[in-house]
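> what's the 3D shape of this:
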Amino acid sequence: MGNRQAATAAARDDRKGDAEVLFQVIDAAQLATFAGIWVAAAAAPGGNTAFTVSVSSRYGFGAGLVGALGFATVLMAYTLFVAFGLGFAVSQYGLVLDVLRWLGVGYLLYLAYRMWTARAVARLDGGFEAAAYPKLYLQGALICFTNPKVMIFIAVVLPQAVDGDRPLVPQFLVLGLCGALSSLFVHSVYSVLGHTLGRSVPTPRARRISNRIIATVFVIAAVGLSLSSL
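This is a model prediction of the structure:
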């Protein structure tokens, strides 16, 4: 009995020690504020959210999360760029950002075309189509990577959330992980929405209408990205 209590106390001390180390890296209030900003940004309607809803309505909840993992991977990569000072360098090359932006516009329009012309499959049994998860992961990463606003957002917001009196790189890494987890949380909610939508529109006609609504959202996101000022 004494050994069990000692082990429990040791585990509690370890968790307390981990929390103290984390708060030595970054202030808790800063982290909470940053997470709130990130959740709000990730939840804003756009290409990422439209993609999550579209794939989860077609392939189920897990498909939306896989696409969101692609988003999170790119977010962490951009965070590393900023942490090591590459964000400023990239921001100086407007041509590179413009190329990324138009690639993103083209890819969103391509997804809109695919959704608009997708075959409306009846799913009266409530099932979903089989998903190619590696493809969905790469598609999610590509959508996020070709949106230069993501890079600019990270390059602008992350430096404002760090404390100059503490080591910078660990703070950037904690913030990047917080942002990735916040995005996964937001897109898990959108995945639930898409999954529910997919189950509620089992007939071909309802599926066709749903696909075209999502295609329209992709087009709106593409137009917004093309007109955005970086």
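
> can you pull out the helices in this protein?
2-25, 28-43, 47-59, 61-83, 86-91, 94-116, 133-145, 148-160, 168-200, 204-227 (DSSP state H).

> ok, for Val174, nearest residue in space, not its chain neighbours?
Ile26 (5.1 Å; Cβ to Cβ, 6 or more residues apart in numbering). C-beta: built from backbone N, CA, C; applies to glycine.

> what number of residues lie near Tyr110?
Neighbours of Tyr110 under the rule other Cβ atoms under 10 Å: 12.

> then Leu138?
15.

> would you mind measuring from it to Val74?
11 Å (Cβ to Cβ, to the nearest Å).

> pipe the helices of the chain into JSON lines and attach mean pLDDT per row.
As requested, the helices of the chain are arranged in JSON lines below (pLDDT from 0 to 100):
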{"stretch": "helix 2-25", "mean pLDDT": "51"}
{"stretch": "helix 28-43", "mean pLDDT": "84"}
{"stretch": "helix 47-59", "mean pLDDT": "87"}
{"stretch": "helix 61-83", "mean pLDDT": "89"}
{"stretch": "helix 86-91", "mean pLDDT": "55"}
{"stretch": "helix 94-116", "mean pLDDT": "74"}
{"stretch": "helix 133-145", "mean pLDDT": "91"}
{"stretch": "helix 148-160", "mean pLDDT": "75"}
{"stretch": "helix 168-200", "mean pLDDT": "87"}
{"stretch": "helix 204-227", "mean pLDDT": "74"}
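
> out of those helices, which one sits most buried?
helix 47-59 (a mean of 26; mean count of other Cβ atoms under 10 Å).

> dump it to CSV, restricted to CA.
Extracted in CSV, the C-alpha atoms of helix 47-59 (Å, rounded to 0.1, in the frame of the first residue of the first chain):
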residue,chain,number,x,y,z
GLY,A,47,-10.5,26.7,-48.1
ASN,A,48,-9.3,24.6,-45.1
THR,A,49,-12.8,24.4,-43.5
ALA,A,50,-14.5,23.7,-46.8
PHE,A,51,-12.0,20.9,-47.4
THR,A,52,-12.6,19.3,-44.0
VAL,A,53,-16.4,19.4,-44.3
SER,A,54,-16.3,18.1,-47.9
VAL,A,55,-14.1,15.1,-47.2
SER,A,56,-15.7,14.2,-43.9
SER,A,57,-19.2,14.3,-45.5
ARG,A,58,-18.0,12.0,-48.2
TYR,A,59,-15.6,9.7,-46.3
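
> on contacts alone, who are the packing partners of that helix?
Other helices and strands packing on helix 47-59, by 3 or more Cβ pairs under 8 Å, 6 or more residues apart in numbering; DSSP states H and E, are helix 61-83, helix 94-116, helix 133-145, helix 168-200, helix 204-227.

> the nearest residue to Val53 once chain neighbours are set aside: what's it in contact with?
Once flanking residues are discounted, Val53 sits nearest to Gly194: 4.0 Å by Cβ to Cβ, 6+ apart. Residues near Gly194 by Cβ atoms under 8 Å, 6 or more residues apart in numbering: Thr52, Val53, Ser54, Val55, Ser56, Ser57, Phe61, Gly64.

> tell me the one among the residues you listed nearest to Val157.
Closest to Val157 out of the contacts of Gly194 is Thr52 (21.6 Å), distances taken as Cβ to Cβ.
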